[in-house]
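Novice: Take this sequence and fold it.
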Amino acid sequence: MEEIKVNETIKEIPGFNRYLCDIEKGMIYRKTIEKLKGKWLKQIKPNSVGYCYTTLVNDLEEYERISLQWLVMCAATESTKEFFHFKKFRD
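Specialist: The predicted structure is shown next:
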């Protein structure tokens, strides 16, 4: 399979340089790293309130449990999740 490239709907995920996100389909792609070939990760089933969680390796090489919704929002806006946690939104 050919390596997936960044385009209008396939975006980098800030803070998770090993992965790409299809922001239209809500799917995560793991890039080719050393001996691991790139591949689309399995679809994640939502929990009882509709959120889908996964565990990815972040840029600090730490495992991080994060919702698919956060990953898509971060990729689409090219912002880290910290931006949304610390940003004060006003009406």
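
Novice: A helix includes residue 72, no?
Specialist: Yes. Secondary structure of residue 72 (DSSP: H, G, I helix; E, B strand; the rest coil): part of a helix.

Novice: Surely it touches residue 25?
Specialist: No. Applying Cβ atoms under 8 Å, one finds residue 72 not in contact with residue 25, separated by 9.3 Å. C-beta: built from backbone N, CA, C; applies to glycine.

Novice: For these two, indicate the residue with more neighbours.
Specialist: residue 72 (21 against 12; other Cβ atoms under 10 Å).

Novice: check contacts around the more buried one.
Specialist: Contacts of residue 72 were listed using Cβ atoms under 8 Å, 6 or more residues apart in numbering, and they are 21, 23, 26.

Novice: strand partners of the longest strand along the chain, parallel vs antiparallel please.
Specialist: With secondary structure taken from DSSP state E, the chain has its longest strand at strand 16-22. Using DSSP bridges, strand 16-22 pairs in its sheet with strand 10-13 (antiparallel), strand 27-30 (antiparallel).

Novice: any idea which helix or strand comes after the last one?
Specialist: Once strand 27-30 ends, the next helix or strand along the chain (criterion: DSSP states H and E) is strand 39-40.

Novice: what would the contacts of residue 72 look like in CSV with distance to residue 51 and pLDDT?
Specialist: Shown next, in CSV, are the contacts of residue 72 (distance: Cβ to Cβ, whole Å; pLDDT from 0 to 100):
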residue, distance to residue 51, pLDDT
21, 16, 96
23, 17, 96
26, 12, 92
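
Novice: quick one, what contacts the spatially most central residue of the chain?
Specialist: Centroid-nearest residue in the chain, with Cα atoms, centre = their mean: residue 71, separated by 3.7 Å. Residues near residue 71 by Cβ under 8 Å, 6+ apart: 13, 16, 19, 21, 28, 54, 56.
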